[in-house]
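Visitor: need a 3D model of the sequence below.
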Amino acid sequence: MTATTWSQTHLLQELNQVVEGELNRHMAIAKEWFPHDFIPWSEGRNFDGLMGGEPWRPEDSDVSDVARSALIVNLLTEDNLPSYHHEIAQIFGRDDAWGTWVHRWTAEEGRHGIAMRDYMLVKRLVDPVELERFRMTHMSTGYVSAHSGELIHSLAYVSFQELATRISHRNTGNFTQDPMAEQLLTRIAADENLHMIFYRNLLKAAMEIAPDQTVMAVRDVVKNFAMPGTDIPGFQRKAVEMAAAGIYDLRQHKDDVVAPVLRYWKFWDIEGLGAEAEQARLELSTFIDGLEKQASRFEDKRDTIRARMGIEV
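Guide: Okay, the predicted model is just below:
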């Protein structure tokens, strides 16, 4: 059967049983947890404004400016949940196991934003006024995936994106040097890992059903990959700071995100592809070689970048 034979509706139907199995597996191993358990409420105090408390100052917390930037990026990325829900609900639908997953995933992701914001405000890690203004700007922009409406592209994207988010959360927690923040972000990262496994396994099933379509989709996604928070105010500088600090950089993206997911799919070993899919796989191989060169160049300049930006690790 040729790649063009498989419509999105047909693929949704073919994958429904896989989704049901993955949903059952996820529900069996996902651990219940509560955001309030991770918040040191007794350390909180009123801000200025209606409560007549103390205005926020950078000195209120020992976290570095880079850690603060990473926390803001990670939180605001979680914040655009209404847009993300809309995206996956449109693509996956709300019927059968697909719909159950859409709502479950949304509920779990919503918990991340609740916990992170409560912690950051109670501990006075960030300026609450600036954070809220960033949130309003970011959410007012909304989020539309580069592959909006395309099932296989979307499954490929979230397979990589959920893993990238897991790594960013874990490394941000480590970088804060705040034990409770690290514990919270480790807990959130565990959720993100389960989400990655769900999507990664679905994409593997799609690869078996429609290998040509899937290989070409993976090529498109990896070559054009961008995290959903790229329109956060000041994102580019924050991303450079995070890369310089080793929170998330090209080396991690290539070696810890792209490579292991492709390896799980046995992407380079798929046989019987058509000419267009084989060309797509060759293009992706060349692109990854380019990523390696970019990662090495950045590593060579990292110390200089850190010094220029005043980053200490």
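Visitor: alpha carbons only for contacts and neighbour counts from here, please
Guide: Noted.
Visitor: among the helices and strands of this protein, which has the poorest mean pLDDT?
Guide: Within the chain, judged by mean pLDDT, DSSP states H and E, the helix or strand with the poorest mean is helix 81-92; its value is a mean of 89.
Visitor: which one is Val218 nearest to, not counting chain neighbours?
Guide: Leaving aside its chain neighbours, Val218 sits nearest to Ala156 (5.9 Å; criterion: C-alpha to C-alpha, 6 or more residues apart in numbering).
Visitor: circling back: who touches the least confident helix or strand of the chain?
Guide: For helix 81-92, the external contacting residues (C-alpha atoms under 8 Å, 6 or more residues apart in numbering) are 12, 98-99, 102, 106, 109-110, 142-145, 148-151.
Visitor: coming back round to it: so the residue nearest to Val218: helix, strand or coil?
Guide: For Ala156, the secondary-structure state derived from DSSP: H, G, I helix; E, B strand; the rest coil is helix.
Visitor: that one and Val222: what is the separation?
Guide: For Ala156, the distance to Val222 equals 9 Å [C-alpha to C-alpha, to the nearest Å].
Visitor: ok, Lys238 next?
Guide: Noted for Lys238: a distance of 22 Å to Val222, by C-alpha to C-alpha.
Visitor: which other helices and strands contact the longest helix seen in the chain?
Guide: Longest helix in the chain by number of residues, with DSSP state H as the criterion: helix 275-309. For helix 275-309, the contact count by 3 or more C-alpha pairs under 8 Å, 6 or more residues apart in numbering; DSSP states H and E identifies helix 211-223, helix 235-245, helix 250-252 as packing neighbours.
Visitor: Lys266 is nearest to which of these?
Guide: helix 211-223 (11.0 Å; C-alpha to C-alpha).
Visitor: gap between stretch 269-287 and the chain center?
Guide: The chain centroid and the centroid of stretch 269-287 are separated by 26 Å, computed with C-alpha atoms, centre = their mean, to the nearest Å.
Visitor: could you list the residues in contact with it?
Guide: Contacts of stretch 269-287 with the rest of the structure, by C-alpha under 8 Å, 6+ apart, involve 211-213, 215-216, 219, 222-223, 268.
Visitor: and stretch 153-162, by the same measure?
Guide: Residues outside stretch 153-162 that contact it (C-alpha under 8 Å, 6+ apart) are 147-148, 192-193, 195-197, 199-200, 202-203, 214, 217-218, 220-222, 225, 227, 257-258, 261.
Visitor: drop anything exposed from the residues you listed.
Guide: Buried residues within these, defined by neighbour count using 16 or more other C-alpha atoms under 10 Å: 147, 192-193, 195-197, 199-200, 202-203, 214, 217-218, 220-222, 257-258, 261.
Visitor: about what we covered before: and which of the contacts of helix 81-92 is nearest to Glu182?
Guide: Taking these together and measuring to Glu182 by C-alpha to C-alpha, the closest member is Glu109, at 17.9 Å.
Visitor: can you pull the pLDDT of Thr4?
Guide: Predicted confidence (pLDDT) at Thr4: the value is 51.
Visitor: before we move on, what about Thr9?
Guide: As summarised for this prediction, Thr9 has a pLDDT of 82.
Visitor: and the gap between it and Arg111?
Guide: Here the distance between Thr9 and Arg111 works out to 31 Å (C-alpha to C-alpha).
Visitor: so between those two, which is more surrounded?
Guide: Neighbours were tallied for Thr9 and for Arg111 using other C-alpha atoms under 10 Å; the higher tally belongs to Arg111 (15 against 11).
Visitor: re the thing from before, just the buried ones from the contacts of stretch 269-287?
Guide: In terms of neighbour count (16+ other C-alpha under 10 Å), the buried residues within the contacts of stretch 269-287 are 211-213, 215-216, 219, 222.
Visitor: with pLDDT as added columns, please give these in TSV.
Guide: Supplementary listing: these in TSV, determined by pLDDT from 0 to 100:
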residue	pLDDT
Pro211	96
Asp212	96
Gln213	95
Val215	97
Met216	96
Arg219	98
Val222	97
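Visitor: which one of those residues sits closest to Asn171?
Guide: Set against Asn171, the nearest of these by C-alpha to C-alpha is Val222 (22.1 Å).
Visitor: identify the residues contacting that closest one.
Guide: With contacts defined as C-alpha under 8 Å, 6+ apart, the neighbours of Val222 are 157, 258, 284.
Visitor: where does the stretch 1-150 of the chain have low pLDDT?
Guide: Residues of the stretch 1-150 of the chain that meet the criterion pLDDT under 70 lie in 1-5.
Visitor: measure Phe235 to Leu282 for me?
Guide: To Leu282, Phe235 is 32 Å away according to C-alpha to C-alpha.
Visitor: re earlier: for the buried ones among the contacts of stretch 269-287, could you give me TSV that also reports distance to Leu250?
Guide: Formatted as TSV, the entries for the buried ones among the contacts of stretch 269-287 read as follows, by distance: C-alpha to C-alpha, whole Å:
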residue	distance to Leu250
Pro211	28
Asp212	28
Gln213	27
Val215	22
Met216	22
Arg219	17
Val222	13
